[in-house]
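> Generate coordinates for the sequence data below:
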Amino acid sequence: MTRAPVPVAVVAALVVLAAAPAGRARLILISVDGLVPERYTSVTGSPLLRDLAARGAFASGVVGVWPTNTRPTHTSLLTGVTPAMHGIVNNEPLDPERRRNPAFNWFAREIRVPTLVTAAEDAGLSTAVVGWPVSVGMHADWLLPTFNWTHPRDAHLLRTLSTPGVFDDYERQAGEPFGWPPTDERRVNMALLLLQAHRPDVTLLYLGEFDAYAHTYGLDGDWTASAAREVDRQLRRVLQVIDAQADPRTFVAIVSDHGFIDVEHAVGPNTLFAREGLIELDEDGGIRSWQAFSHGTGGSSLVYLGEPTDEATAGRAGDLLETFARDERSGIERILAREDLAREGADPAATFALAMRPGYSLIEDTNRLFGNPYIAAMHGYPPERPEMRASFILTGPGLEGTGNLGVVRMTQIGPTLAKLLGITLSPEADNPIPLASR
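Model (predicted):
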């Protein structure tokens, strides 16, 4: 993976990563899916986020992992390693025939390396996880995970997968049911209950609604702007509780996973594979068998072979893609081979990857080569694109006035937070961000 430079904040030479006061540090980590750094670096951004950034340290941008999608990125954020190492290589598992129920990668047991949560638990710290991606089955003292709920009866499944008693405690304290679906407002309600009742040493909270609005209406849409204001309202609720607790050990980190690019064109490489006999369809148009499959939507995809060592099929699929890429309508900016994917830290099981030009979004359809996109904006583009840069703000003891850290790597955030907490991630984890006081 290409590594961006990490300039140390201006004027200082004193590294303060170990500057937490006596006693264990406390961390509240809040992810706002799709939050772009312009929300706190631009004068037209959020006053709340700009104030937070001014109080501590912030990145002008965070270079993500391949692909720049929610679940692999959130897992890299917690582990400090690339998807190739931690095992959550895309939002969805590879399943061309759709043999399982539509599902994202939800299960924490599939993460192959220590996370901030498991490292904190091992160190005897208390943990709370609310809505974090890839958290089903995560070992935390208080857990409310996320999964692909589709029906109000899934509320029973959410209770089953959450820490026993956490909903009973919430409803006893709030005097009302938790409600359905688990919106950002309800997730914040649960997080506030846990922060006030238990004061966990490490709290993870995920807010996902801004991302949904940006996908549907575009990054500059009016409804998206309204969703951004709602993010500020929810963050303000959390920060008010933290400020009222006045715990001098507390670090607050605001992070995100990717940016957005508006899209105008949809492209379906699997339609090409089907036409050329590399995908066999049944009478209903479903996939009966496949020799090559483009997995992933948005600004990139990973291309897999049914038989990964079949060099003849690899050559045939590669030639088809090379020819297709010469068609301007394909939107393909670059085709990555296995050695390129290894450098990016992407899934080693993939044979190729497709990287798209801005404005073009990949789809998995087998009956539509070109068309209009299903949604207005996407991510998943190569992490080196500036539009894909994510966010990072950090406040807490010893960080006052640290300022702009420049562009950092997504894989540096987890090690940075781990060092503040005095815990250890895997030996393969990236280096912490140098933090310096003005």
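> For burial, what's the neighbour tally of the closest residue to L94 other than its chain neighbours?
Counting by CB to CB, 6 or more residues apart in numbering, L94 lies nearest to H295, which is 5.3 Å off, once chain neighbours are set aside. Just so you know, the C-beta spots here come from the backbone N, C-alpha and C atoms, and that holds for glycine as well. Neighbourhood size, H295 [other CB atoms under 10 Å]: 23.
> mind listing what H295 touches?
The contact partners of H295, by CB atoms under 8 Å, 6 or more residues apart in numbering, come to N90, E92, L94, P96, S301, L302, V303, Y304, A350, E364.
> Let me see the backbone angles for the first one.
Torsion angles at N90 (phi, psi; degrees, to the nearest 10) stand at phi -160, psi 170.
> next one: the one 3 residues further on
Dihedral pair for P93: phi -70, psi 150, per degrees, to the nearest 10.
> Not counting sequence-adjacent ones, nearest residue to it?
N105 (6.0 Å).
> rewinding a little: who's the residue nearest to L94 bridged to?
Here H295 sits in beta bridges with L302, going by DSSP bridges.
> before we move on, the earlier item: looking at this, the residue nearest to P93 is in a strand?
No. Using DSSP: H, G, I helix; E, B strand; the rest coil, the assignment for N105 is coil, not a strand.
> Thought L94 was touching it, still the case?
No. Between N105 and L94 there is no contact under CB atoms under 8 Å: 10.3 Å.
> who's more crowded, those two?
Neighbours per residue (other CB under 10 Å) separate N105 from L94, with N105 holding more: 22 against 14.
> From the opening residue of stretch 146-158 to its closing one, how far?
8 Å (CA to CA, to the nearest Å).
> Same question for stretch 271-285.
11 Å.
> I'd like to know the average pLDDT value across it.
For stretch 271-285, mean pLDDT is 97.
> Could I get the buried residue list for that stretch?
T271, L272, F273, A274, L278, I279 (16 or more other CB atoms under 10 Å).
> Quickly find the element holding L272.
helix 269-275 (DSSP states H and E).
> Name the residues that touch that helix?
279-281, 290-294, 301, 303, 317, 320-321, 324, 354, 362, 364-369.
> Apply the buried test to those and list what passes.
Using 16+ other CB under 10 Å, the buried ones in the contacts of helix 269-275 are 279, 290-294, 301, 303, 317, 320-321, 324, 354, 362, 364-366, 369.
> Just to be sure, Q240 is in a helix?
Yes. Assignment of Q240 by three-state DSSP places it within a helix.
> Please name every helix or strand in contact with the helix or strand following the helix holding L272.
Next helix or strand after helix 269-275 toward the C-terminus (DSSP H and E): strand 279-281. When contacts are defined as 3 or more CB pairs under 8 Å, 6 or more residues apart in numbering; DSSP states H and E, strand 279-281 sits against helix 269-275, strand 287-290.
> which ones are touching the closest residue to T411 other than its chain neighbours?
Closest residue in space to T411, ignoring its immediate chain neighbours: D430 at 3.8 Å, by CB to CB, 6+ apart. The contact partners of D430, taken as CB under 8 Å, 6+ apart, are G80, V81, R409, T411, Q412, G414, P415.
> Would you map the strands across the stretch 251-400 of the chain?
261-262, 265-267, 279-281, 287-290, 292-295, 300-305, 332-336, 352-356, 360-362, 370-371, 377-378, 392-395 (DSSP state E, counting those that start in this stretch).
> May I see the ones you listed arranged in CSV, with distance to V134 as well?
As requested, those are exported to CSV (distance: least, CB to CB, whole Å):
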stretch, distance to V134
strand 261-262, 24
strand 265-267, 27
strand 279-281, 29
strand 287-290, 26
strand 292-295, 18
strand 300-305, 18
strand 332-336, 24
strand 352-356, 21
strand 360-362, 22
strand 370-371, 31
strand 377-378, 20
strand 392-395, 19
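> Now for the residue nearest to D247 when sequence neighbours are not counted: which residues touch it?
Among residues not flanking D247 along the chain, R26 sits closest, at 6.0 Å (CB to CB, 6+ apart). If you count contacts by CB under 8 Å, 6+ apart, R26 has them with R199, P200, D201, V202, D247, R249, T250, F251.
> So which of the residues you listed wins on neighbours?
V202 leads the contacts of R26 on contacts (other CB under 10 Å) with 27 neighbours.
> quick check: domain ranges of this structure?
26-261+385-421, 264-374 (automatic domain parsing).
> winner for burial among the ones you listed?
Stretch with highest mean neighbour count among these: domain 26-261+385-421 (a mean of 20; mean count of other CB atoms under 10 Å).
> chain center to it, what's the gap?
Averaging C-alpha positions (CA atoms, centre = their mean, to the nearest Å) puts domain 26-261+385-421 8 Å from its chain's average.
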